[in-house]
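**Student:** Coordinates only, no sequence provided:
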Ligand SMILES: Nc1nc2c(ncn2[C@@H]2O[C@H](COP(=O)(O)OP(=O)(O)OP(=O)(O)O)[C@@H](O)[C@H]2O)c(=O)[nH]1
Ligand SMILES: [Mg+2]
């Protein structure tokens, strides 16, 4: 070994990096989720909700909210020494739909974050990933004061396939969000394995 070229301090393996989208309706906690779990200072693109936006921005149910994501959130988390996730949070409002295709390019999987008080707000995100065969997990953000529902009831209400993971979470809690991300990666892994198997046969 050449002196002074020690491998000390280097990770033993180059980590695999995966892109995960964080989607869902307006104000369900996407920016909060990315911020809770990111090990780098998350990039945010928040703008103040203004009077001018009132006719188009449906703030019913999120009256305490003063800002909204206008492009994306970005964060990173090392799940294991050899596995790094890049998280891309989508904007929640309909007027930013044109950004989704750009954000979804190369995504391995997605989280659809849900607020059970406004369940219908996540229908568009669920449809989007189903149509494109992007594996996703549904994460129910358990807001304080909202009625708790069983994961199975939410699966039924959203008419999800049996293999789609449904996880209850708190978007403000790092450990809780990590569990969600582990489920997405696991689910996406089986999805890819299935895909390969069917190509091989
Ligand atoms: N009580 C409670 N409040 C939450 C939770 N998650 C988010 N919030 C609050 O809900 C509000 C909305 O959160 P955001 O993270 O901005 O939501 P978003 O989905 O990024 O919103 P858009 O980008 O505008 O679609 C914020 O005021 C958060 O503090 C939660 O799990 N529990
Ligand atoms: Mg946001």
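**Tutor:** Sure thing, it's come through. These numbers come from a predicted model, not from an experiment. Ligands and ions are numbered 1, 2, ... in the order given.

**Student:** Only C-alpha atoms from now on, for both contacts and neighbour counts.
**Tutor:** Will do.

**Student:** How about the residues of this protein by ligand 2?
**Tutor:** Counting by Cα under 5 Å from the ion, the chain comes close to ligand 2 at 31, 69.

**Student:** Tell me which residue is most central in the chain.
**Tutor:** residue 22 (2.1 Å; Cα atoms, centre = their mean).

**Student:** Could you say which helix or strand holds that one?
**Tutor:** Following DSSP states H and E, one finds residue 22 within strand 16-24.

**Student:** How about that strand and ligand 1, any contact?
**Tutor:** No: using Cα under 6 Å from any ligand atom, strand 16-24 stays clear of ligand 1, coming no nearer than 6.8 Å.

**Student:** Can you give the distance from the lowest-mean-pLDDT helix or strand in the chain to the centre of its chain?
**Tutor:** Sorting the helices and strands of the chain by mean pLDDT, DSSP states H and E puts helix 174-200 at the bottom, at a mean of 79. With Cα atoms, centre = their mean, to the nearest Å as the basis, helix 174-200 stands 13 Å off its chain's centre.

**Student:** Just want the angle from that helix to strand 16-24.
**Tutor:** 110 degrees (axes from the mean of the first three to the mean of the last three Cα atoms, to 10 degrees).

**Student:** Return the list of helices and strands in contact with helix 174-200.
**Tutor:** Other helices and strands packing on helix 174-200, by 3 or more Cα pairs under 8 Å, 6 or more residues apart in numbering; DSSP states H and E, are helix 30-37, strand 109-114, strand 136-141, strand 166-169.

**Student:** Strand 136-141 and that helix, what's the angle between them?
**Tutor:** Per the same axes, to 10 degrees, the angle that helix 174-200 makes with strand 136-141 is 160 degrees.

**Student:** For helix 174-200, buried residues please.
**Tutor:** Under the neighbour-count criterion of 16 or more other Cα atoms under 10 Å, helix 174-200 has 174, 176, 177, 178, 180, 181, 183, 184, 185, 187, 188, 191 buried.

**Student:** Stretch 74-84 now?
**Tutor:** Along stretch 74-84, these residues count as buried under the neighbour rule (16+ other Cα under 10 Å): 74, 75, 76, 77, 78, 84.

**Student:** do stretch 53-68 as well
**Tutor:** For stretch 53-68, a neighbour-count test (16+ other Cα under 10 Å) marks 57, 59, 68 as buried.

**Student:** Tell me who's in contact with the second one.
**Tutor:** This points to residue 59. residue 65 (Cα atoms under 8 Å, 6 or more residues apart in numbering).

**Student:** now the first one
**Tutor:** With Cα under 8 Å, 6+ apart as the criterion, the residues that contact residue 57 are residue 93.

**Student:** returning to that earlier point: mind giving me the packing neighbours of the strand holding residue 22?
**Tutor:** On a contact count with 3+ Cα pairs under 8 Å, 6+ apart, strand 16-24 meets helix 30-37, strand 83-89, strand 109-114.
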